[in-house]
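Visitor: Dropping the sequence and predicted coords here.
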Amino acid sequence: MRMFKRIWTLGSNELYNEGMRLFNEHNYRDAIAKFEELLAQKGSRKSLHYNLSLVYASQSHRNLGVVLFATGSYREALEEFKLALHFNPDYNELNYFIGVCQNNLGDFMGAIESFNTVLSVDPHNLPVALRLGVVLHNNKMWDRATSLYKEILLKNPHYADIHYNLGLACLGQGQVARAMAAFESALEINPNYLQARIKIVVAHIYLGKLDQAFAELSVLISSFPDYADLHYYMGLVRTARSEWEEAKSSFASALQINPSYKEAKIKLAAVYCYLDQFDKGLQELEELHAVDPGDGDVATMLLAIRGVLSSARGENFAGLLRKMLKDREITKNIPEFNKSIRINPDVSEMVAVILSVAEEDASLTAMLIPLVKNHIAEHPSYPDVHNSLGTLYMKVNQPVEAETCFAEAVRLNPQYLKARLNLFYAQKMLGKHEEAAGHGALLAAAGVSYPDFYCALAEVYLEGSRFQEARANSVKAVELNPYYARAHYVLGRCHEADGEKGLAVEQYETCLEMKPPHEILAFVQDRISKLQRT
């Protein structure tokens with residue numbers, strides 16, 4: 001009787017009910033206020049409401065943090081994640097988000113500690129290990145970063161991002177040849193890996209291979225005319241070749257695309273001065289100095305230009321320009337290569353974390369879709385982001401939109417097996433069995449070894465009346481997991497299609513022993529009954 005009274009009391013707490021109403025309406029801040037009010041009540045610690053309020057206060061802070069994180073508001077997101085962890089110390093996944101925020105805010109040691117906290121519980125968490133390498137790089141611990149990436153590559157040799165990050169760590173060590181080899185490896189895996197291609201170009205600049213850098217940049221700019229970095233690096237090449245008018249045009253193009261591109265503005269100002277257009281150069285630097293008065297290089301150039309304008313031009317100024325334009329960026333390019341790397345809102349990993357939380361409904365998924373779409377607008381050539389958007393669409397039951405996203409991810413990187421697998425499932429759901437079968441054959445040839453994949457592929461073949469292939473794949477699924485109820489159900493259908501009634505009944509009965517999901521239970525029972533009567 002006492003237990004029933006507690007359950008009745010559980011359903012009648014007004015603060016908790018109001019907090020849950022606000023939580024379900026995605027009004028997380030007001031929900032938190034209600035939960036915290038309940039938590040502050042004397043004598044509430046022994047109630048079931050107290051523990052539930054802890055859980056949902058944590059969830060509310062976490063949801064707010066994810067949205068802030070996705071929009072790049074790292075400081076505010078960090079506070080929300082820490083509060084979520086305060087209410088639920090066992091929510092270890094939050095340390096991943098905390099580590100990313102700390103890295104992007106410059107707290108590298110804190111980020112290292114946060115990522116190691118995750119790895120202490122889940123030592124095989126690849127995304128976290130990869131981010132740990134980035135933070136080690138940012139903390140100039142390049143030897144440790146290099147060792148970590150090489151260890152990861154032993155088990156994951158086809159992960160383009162790891163090769164790319166290994167290249168960055170090699171640059172930090174001054175090993176340009178090894179860095180270029182790592183970037184080339186990333187490109188072999190993903191020929192559309194633009195950042196790896198750009199780093200190879202800049203390495204050519206560092207090595208003085210200006211003609212090769214110019215040729216490669218020309219090709220890239222024709223394909224990506226709205227990418228500011230490409231115009232910036234072309235400006236560096238043209239500066240090194242003393243092509244001043246062309247360099248001015250390149251830096252101006254970079255600024256037109258990205259008006260806040262600080263380095264491009266500095267270079268453009270210097271080129272103006274080299275062309276004796278001091279007023280324009282002074283204007284560019286004064287605008288920059290107003291935004292960032294603490295930049296010593298800008299302040300030094302301003303003093304030099306003002307000195308020139310108040311007196312005759314001299315060798316000192318010419319020497320200053322040569323240093324600013326050439327030494328800093330061409331012969332000493334490694335420091336620019338290895339400035340701190342931001343861990344951008346890693347949409348694919350963020351989505352994976354969201355979808356892995358069993359109690360999460362579709363609300364946060366729907367909230368993330370427009371943010372991921374904005375991310376794609378900024379990074380249209382990132383296959384991971386397209387795949388992530390498709391995953392979100394699948395979560396909210398929009399397979400048509402999901403198929404488009406997965407197809408684009410596969411187009412950008414044909415070797416992206418996860419995206420191709422998702423595309424296969426989306427097309428199966430949409431009844432596009434012929435297209436799904438084509439992707440399924442490629443996945444099987446690539447060595448995909450999931451029993452649910454082979455079971456789904458068998459169903460696709462069944463729908464296309466390709467009974468022999470269906471049977472072979474359902475047998476494969478059963479071999480991989482003898483307790484997989486759906487695989488036995490599909491194999492039973494294959495036997496039935498071949499007229500093997502006894503074998504079909506045997507597989508259907510095995511399926512029932514494995515307690516199949518509701519959607520196939522009635523079918524299996526019906527088929528057993530009918531087959532046994534004939």
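Guide: Here it is on my side, so go on.
Visitor: CA-only coordinates of the lengthiest helix in the chain in PDB, if you can.
Guide: Criterion DSSP state H: the longest helix present in the chain is helix 48-70. Below are the C-alpha coordinates for helix 48-70, written out as PDB (Å, rounded to 0.1, in the frame of the first residue of the first chain):
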ATOM      1  CA  LEU A  48      11.300  10.100  -6.700                       C
ATOM      2  CA  HIS A  49      10.600  13.500  -8.000                       C
ATOM      3  CA  TYR A  50      13.900  14.700  -6.700                       C
ATOM      4  CA  ASN A  51      15.800  12.200  -8.700                       C
ATOM      5  CA  LEU A  52      13.700  12.700 -11.800                       C
ATOM      6  CA  SER A  53      14.200  16.500 -11.600                       C
ATOM      7  CA  LEU A  54      18.000  15.900 -11.400                       C
ATOM      8  CA  VAL A  55      17.800  13.900 -14.700                       C
ATOM      9  CA  TYR A  56      15.600  16.400 -16.500                       C
ATOM     10  CA  ALA A  57      17.500  19.500 -15.300                       C
ATOM     11  CA  SER A  58      20.600  17.900 -16.600                       C
ATOM     12  CA  GLN A  59      18.800  17.100 -19.900                       C
ATOM     13  CA  SER A  60      17.600  20.700 -20.200                       C
ATOM     14  CA  HIS A  61      21.100  22.200 -19.700                       C
ATOM     15  CA  ARG A  62      22.500  19.600 -22.100                       C
ATOM     16  CA  ASN A  63      19.900  20.500 -24.800                       C
ATOM     17  CA  LEU A  64      20.600  24.200 -24.400                       C
ATOM     18  CA  GLY A  65      24.300  23.500 -24.600                       C
ATOM     19  CA  VAL A  66      24.000  21.500 -27.800                       C
ATOM     20  CA  VAL A  67      22.100  24.300 -29.600                       C
ATOM     21  CA  LEU A  68      24.600  26.900 -28.400                       C
ATOM     22  CA  PHE A  69      27.500  24.600 -29.400                       C
ATOM     23  CA  ALA A  70      26.000  24.100 -32.900                       C
END
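Visitor: How about it, which residues are buried there?
Guide: Across helix 48-70, burial judged by 16 or more other Cβ atoms under 10 Å covers 49-50, 52-54, 56-70. Bear in mind the C-beta positions are built from the backbone N, C-alpha and C, glycine included.
Visitor: what's downstream of that helix, the next helix or strand?
Guide: Downstream of helix 48-70, the first helix or strand assigned by DSSP states H and E is helix 74-87.
Visitor: what's the average pLDDT for that following helix?
Guide: The average pLDDT within helix 74-87 is 94.
Visitor: so where is the stretch 301-450 of the chain shaky, pLDDT-wise?
Guide: By pLDDT under 70, the weakly predicted segments of the stretch 301-450 of the chain are 301, 304-305, 307-364.
Visitor: rerun that using 90 as the cut-off
Guide: Across the stretch 301-450 of the chain, the ranges flagged by pLDDT under 90 are 301-385, 388, 391-392, 395-397, 412-418, 446-450.
Visitor: okay, now the domains of this protein?
Guide: Residue ranges for the domains of the chain, per automatic domain parsing: 193-337, 346-356+364-432, 449-534.
Visitor: Deepest-packed of those, please.
Guide: When these are scored by mean count of other Cβ atoms under 10 Å, the highest mean neighbour count falls to domain 346-356+364-432 (a mean of 20).
Visitor: how far out from the middle of the chain is that one?
Guide: Taking Cα atoms, centre = their mean, to the nearest Å, one finds the center of domain 346-356+364-432 at 11 Å from the center of the full chain.
Visitor: Can you add distance to His86 and give the domains of the chain back as CSV?
Guide: Formatted as CSV, these follow (distance: least, Cβ to Cβ, whole Å):
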stretch, distance to His86
domain 193-337, 35
domain 346-356+364-432, 19
domain 449-534, 38
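Visitor: right, and those - which one's nearest Val134?
Guide: With respect to Val134, and counting by Cβ to Cβ, the nearest of those is domain 346-356+364-432 at 10.2 Å.
Visitor: so which of the domains of the chain comes closest to Val100?
Guide: Using Cβ to Cβ, the domains of the chain put domain 346-356+364-432 closest to Val100, at 7.1 Å.
Visitor: returning to what we had before: where's the longest helix of the chain relative to the chain centroid, distance-wise?
Guide: 23 Å.
Visitor: for that helix, packing partners?
Guide: In terms of contacts (3 or more Cβ pairs under 8 Å, 6 or more residues apart in numbering; DSSP states H and E), helix 48-70 is packed against helix 2-10, helix 14-24, helix 28-39, helix 74-87, helix 94-104, helix 347-356, helix 362-378.
Visitor: Give the rounded mean pLDDT of that helix.
Guide: 86.
Visitor: ditto for stretch 282-299
Guide: Across stretch 282-299, pLDDT averages out at 76.
Visitor: Can you measure across it, start residue to end residue?
Guide: Counting by Cα to Cα, to the nearest Å, you get 11 Å between the two ends of stretch 282-299.
Visitor: Just put the helices and strands packed on helix 48-70 in TSV and tack on distance to Lys267.
Guide: Shown next, in TSV, are the helices and strands packed on helix 48-70 (distance: least, Cβ to Cβ, whole Å):
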stretch	distance to Lys267
helix 2-10	66
helix 14-24	51
helix 28-39	45
helix 74-87	29
helix 94-104	26
helix 347-356	32
helix 362-378	23
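Visitor: any idea which of the ones you listed is most buried?
Guide: Neighbour counts averaged per stretch over the helices and strands packed on helix 48-70 are highest for helix 94-104, at a mean of 26; criterion: mean count of other Cβ under 10 Å.
Visitor: contact partners of that helix?
Guide: If you take Cβ atoms under 8 Å, 6 or more residues apart in numbering as the criterion, helix 94-104 is touched by 62, 65-66, 69, 74-75, 77-78, 81-82, 84-85, 108, 110-112, 114-115, 117-118, 125, 127-128, 131-132, 134-135, 138, 342-343, 345-346, 349-350, 353.
Visitor: what's the angle from that helix to helix 48-70?
Guide: 30 degrees (axes from the mean of the first three to the mean of the last three Cα atoms, to 10 degrees).
Visitor: Apart from its chain neighbours, what residue comes closest to Leu217?
Guide: Once flanking residues are discounted, Leu217 sits nearest to Met234: 4.8 Å by Cβ to Cβ, 6 or more residues apart in numbering.
Visitor: State the helix or strand in which the one you found lies.
Guide: Element membership for Met234 (DSSP H and E) is helix 228-240.
Visitor: packing partners for the helix or strand that that helix is followed by?
Guide: For helix 228-240, the following helix or strand on the C-terminal side (DSSP H and E) is helix 244-257. For helix 244-257, the elements it packs on are helix 228-240, helix 262-274, judged by 3+ Cβ pairs under 8 Å, 6+ apart.
Visitor: How far does the first one sit from its chain's centre?
Guide: If I follow you right, that is helix 228-240. On Cα atoms, centre = their mean, the centre of helix 228-240 falls 28 Å from the chain's centre.
Visitor: Helices along the stretch 101-250 of the chain, start to end?
Guide: 108-121, 126-138, 142-155, 160-172, 176-189, 194-206, 210-223, 228-240, 244-257 (DSSP state H, counting those that start in this stretch).
Visitor: With distance to Ile369 and mean pLDDT added, can I get the ones you listed in JSON lines?
Guide: What follows is the helices of the stretch 101-250 of the chain, written out as JSON lines (distance: least, Cβ to Cβ, whole Å; pLDDT from 0 to 100):
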{"stretch": "helix 108-121", "distance to Ile369": "26", "mean pLDDT": "94"}
{"stretch": "helix 126-138", "distance to Ile369": "21", "mean pLDDT": "88"}
{"stretch": "helix 142-155", "distance to Ile369": "31", "mean pLDDT": "92"}
{"stretch": "helix 160-172", "distance to Ile369": "24", "mean pLDDT": "88"}
{"stretch": "helix 176-189", "distance to Ile369": "28", "mean pLDDT": "92"}
{"stretch": "helix 194-206", "distance to Ile369": "24", "mean pLDDT": "87"}
{"stretch": "helix 210-223", "distance to Ile369": "28", "mean pLDDT": "93"}
{"stretch": "helix 228-240", "distance to Ile369": "27", "mean pLDDT": "90"}
{"stretch": "helix 244-257", "distance to Ile369": "27", "mean pLDDT": "93"}
